[in-house]
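Undergrad: below is the sequence, then the predicted model.
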Amino acid sequence: MSVNRRQVLHVHNKAERKRQRADLGRLSSLVVTPRTETRYSKAVKEVFYFMKEEGISLPDSHDDLDRVLSQYIEHLWEGGEGRSEASNAVAGLQHFLPNLRKNLPSSWRLLGAWQRSELPCRAPPLTWETLCSICGVFVSQGHTGAAVALCVAFDGMLRTGEMLNVKASDVVISADSLTAVVSLGLTKGGKRRGVEETVVLDDPLVVSLLTVLLTSRKGGQKLIPLSQAKFRHMFAEALKKLDLEEIGFKPYSIRRGGATWYLNATGSMSKVCVKGRWSSEKCARIYVNDGLTTLAKLAFSRKANKLCAKYRSSFLRLIK
């Protein structure tokens, strides 16, 4: 049984528990991930830099800090910065100073107003046809494994990190070769619930492609032996080759597209919610309905349509 590096197994042996916990470090270092703490630290430093530039003295009460933080949020809003800068500043201060929780009402009200007033610019969902076009580009460049992984991510509604972390040993093909179970370990949602997640692939074409790919992968090897940065670069280059770079597709468009396609195929939001591992049907509905609206507005150039058709045809010929 594999154990996440930020978890320990519950064992009855005190010495073994002590050893495992020593490997993880102090509990205070496990509250958030190192990456999140780095993001919080950077955001909080920007708050203090703002105070220095504005000649604001260090607040000596929660109310004073709330007023200063509210000024900072207004500063970010007026300066055209992203909302994540503001939310990281507020969350970061509460992380480093836990007694600030529930003591920054004005700051949270401004964040709420920001969220209501500025809709997020979500990456548009990919259709199966456009995904196949990208796969065709990947195959033409010798990245067949990456093309198969895109299909797996689409059918399983995987996040980019989940797709890149899947190893051959995480996949179990059914006896009739019609379905595959993929173990995802502790995903973003799994960490919140404290359980490892799995997803079932039920598209026969995707399962057959995955089965062939697994013959060239050993147990510990990843389906795509690429870093996130390398994969994102490849993805962006494929869009450029298809004349789609201005549309706004991102790797996350694969998960969004998979969810939208699955709703059209099944007509069931509940099934989408289960397969996509959303915590509530309400969240999934907002996510998918927004995708459907975006799809209706998408328009490719004549050049893009021609290139997509070319690479899509080459990919489909290869897999059929």
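TA: Right, received. Where do you want to start? Numbering: from 1, shown residues only.
Undergrad: let me know the pLDDT of Thr215.
TA: For Thr215, the model assigns a pLDDT of 90.
Undergrad: show me what contacts the residue nearest to Gly276 when sequence neighbours are not counted?
TA: Nearest non-adjacent residue to Gly276, counting by CB to CB, 6 or more residues apart in numbering: Met157, 4.2 Å away. C-beta: built from backbone N, CA, C; applies to glycine. With contact taken as CB atoms under 8 Å, 6 or more residues apart in numbering, Met157 is in contact with Val199, Arg255, Gly258, Ala259, Tyr262, Lys275, Gly276, Arg277.
Undergrad: using TSV, lay out the residues you listed together with neighbour count and pLDDT.
TA: TSV is the format used below for the contacts of Met157 (neighbours: other CB atoms under 10 Å; pLDDT from 0 to 100):
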residue	neighbour count	pLDDT
Val199	23	93
Arg255	24	93
Gly258	27	94
Ala259	24	92
Tyr262	23	92
Lys275	21	90
Gly276	23	89
Arg277	21	88
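Undergrad: need those in CSV (columns: distance to Glu53).
TA: Below are the contacts of Met157 laid out as CSV (distance: CB to CB, whole Å):
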residue, distance to Glu53
Val199, 48
Arg255, 40
Gly258, 45
Ala259, 44
Tyr262, 50
Lys275, 49
Gly276, 44
Arg277, 44
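Undergrad: let me know the closest of those to Ile73.
TA: Arg255 (30.3 Å; CB to CB).
Undergrad: among the contacts of Met157, which lie within helices?
TA: Within these, residues falling in helices by DSSP state H are Arg255, Gly258, Ala259, Tyr262, Lys275, Gly276.
Undergrad: distance to Thr179 added to these, as JSON lines?
TA: Formatted as JSON lines, the ones in helices among the contacts of Met157 follow (distance: CB to CB, whole Å):
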{"residue": "Arg255", "distance to Thr179": "20"}
{"residue": "Gly258", "distance to Thr179": "16"}
{"residue": "Ala259", "distance to Thr179": "19"}
{"residue": "Tyr262", "distance to Thr179": "15"}
{"residue": "Lys275", "distance to Thr179": "12"}
{"residue": "Gly276", "distance to Thr179": "17"}
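Undergrad: out of the residues you listed, who's nearest Phe235?
TA: Arg255 (13.1 Å).
Undergrad: residue contacts, that closest one?
TA: Contact analysis of Arg255 by CB under 8 Å, 6+ apart lists Ala153, Met157, Leu158, Arg159, Thr160, Gly276.
Undergrad: how many other residues sit next to the nearest residue to Phe235 once chain neighbours are set aside?
TA: Nearest residue to Phe235, sequence neighbours excluded (CB to CB, 6+ apart): Pro251, at 5.3 Å. By other CB atoms under 10 Å, the residues close to Pro251 number 21.
Undergrad: secondary structure element holding Pro251?
TA: For Pro251, there is no host helix or strand (DSSP states H and E).
Undergrad: quick check: Tyr287 touching Trp278?
TA: Yes - applying CB atoms under 8 Å, one finds Tyr287 in contact with Trp278, separated by 7.3 Å.
Undergrad: Met269 and Arg285 touch, don't they?
TA: Yes - counting by CB under 8 Å, Met269 does reach Arg285; the two are 5.7 Å apart.
Undergrad: looking at these two, which one has more neighbours?
TA: When neighbours are counted by other CB under 10 Å, Met269 and Arg285 differ, and Met269 comes out ahead with 18 against 15.
Undergrad: that one: what's it in contact with?
TA: Applying CB under 8 Å, 6+ apart, the residues near Met269 are Leu263, Glu281, Ala284, Arg285, Val288.
Undergrad: again, but for His62
TA: Leu100, Asn103, Leu104.
Undergrad: switch the cut-off to 7 Å
TA: Applying CB atoms under 7 Å, 6 or more residues apart in numbering to His62 gives the contacts Leu100, Asn103.
Undergrad: then Lys222?
TA: Taking CB under 7 Å, 6+ apart, one finds Leu164, Asn165, Val166, Lys167 in contact with Lys222.
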